[in-house]
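Novice: A predicted structure for the sequence below; I have some questions about it.
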Amino acid sequence: MKRLVLTAACAVALVGGAAPALAADPTPTPFPTTSAAEATPAPEPSITMDQNTREVCAKSAATVTAGVSDFTTELGKVSSSATNGDLTGAEQSVKKSGTILITLAGNLRTDAQQAQNPQVKTALEDVAAEFQSLGGSLNSLTSLQTFDTARLEALADRMSSLCGSK
């Protein structure tokens, strides 16, 4: 359950660069050994964004931050209820967490309507569609076993690139 919450939180926080520190995979990766010359990173290309893109990216980041906060709070209730033997309450919280993701999807679609950059608009709509799908899949305790954020993570990476946070 803890891994599910962490994975979901990391994936959704990536959208729009809401939390660049969470952008890394939560599983530590060993660092390769390199010489000092090899260790100097190449400069990353700068991303130039127009005012509208900056505003939409900031708004979508805030939208995702609020949504993921509500989502993880509700998933915490699932765990707490199940631990205390309240499986009915746990199941209700699973369903409510799905509703929260569906609401988040709708809020992202609203954000996308403001985007003038067609790539940003499409990326936000794709992320929203995945949140909609994930939210719709959360309908019982057993649905948590198949809750998979892999596609969302890939979409979030694309959105992060467009918003200059990756």
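Specialist: Noted; the coordinates are in hand. Numbers count the residues shown, from 1 in each chain.
Novice: tell me the contacts of residue 123?
Specialist: Taking CB atoms under 8 Å, 6 or more residues apart in numbering, we find residue 123 in contact with 155, 158-159, 162. The C-beta positions use only the backbone N, C-alpha and C, and glycine is treated the same way.
Novice: chain neighbours aside, what residue packs nearest to it?
Specialist: Nearest residue to residue 123, sequence neighbours excluded (CB to CB, 6 or more residues apart in numbering): residue 159, at 4.7 Å.
Novice: determine the number of other residues adjacent to the one you found.
Specialist: Residue 159: 26 surrounding residues under other CB atoms under 10 Å.
Novice: okay, and it sits in which element?
Specialist: According to DSSP states H and E, residue 159 maps onto helix 150-162.
Novice: in the protein, which helix has the most residues?
Specialist: Criterion DSSP state H: the longest helix present in the chain is helix 51-83.
Novice: tell me which residues of that one are tucked away?
Specialist: Judged by neighbour count using 16 or more other CB atoms under 10 Å, the buried positions of helix 51-83 are 53, 56-57, 59-61, 63-65, 67-68, 70-72, 74-75, 77-78, 81-82.
Novice: related to what we said a few turns ago, highest neighbour count among the contacts of residue 123?
Specialist: residue 159 leads the contacts of residue 123 on contacts (other CB under 10 Å) with 26 neighbours.
Novice: and that residue, what pLDDT?
Specialist: With respect to pLDDT, residue 159 scores 90.
Novice: kindly report the same for residue 37.
Specialist: Model confidence at residue 37 (pLDDT) stands at 46.
Novice: for residue 118, same thing?
Specialist: Reported pLDDT for residue 118: 95.
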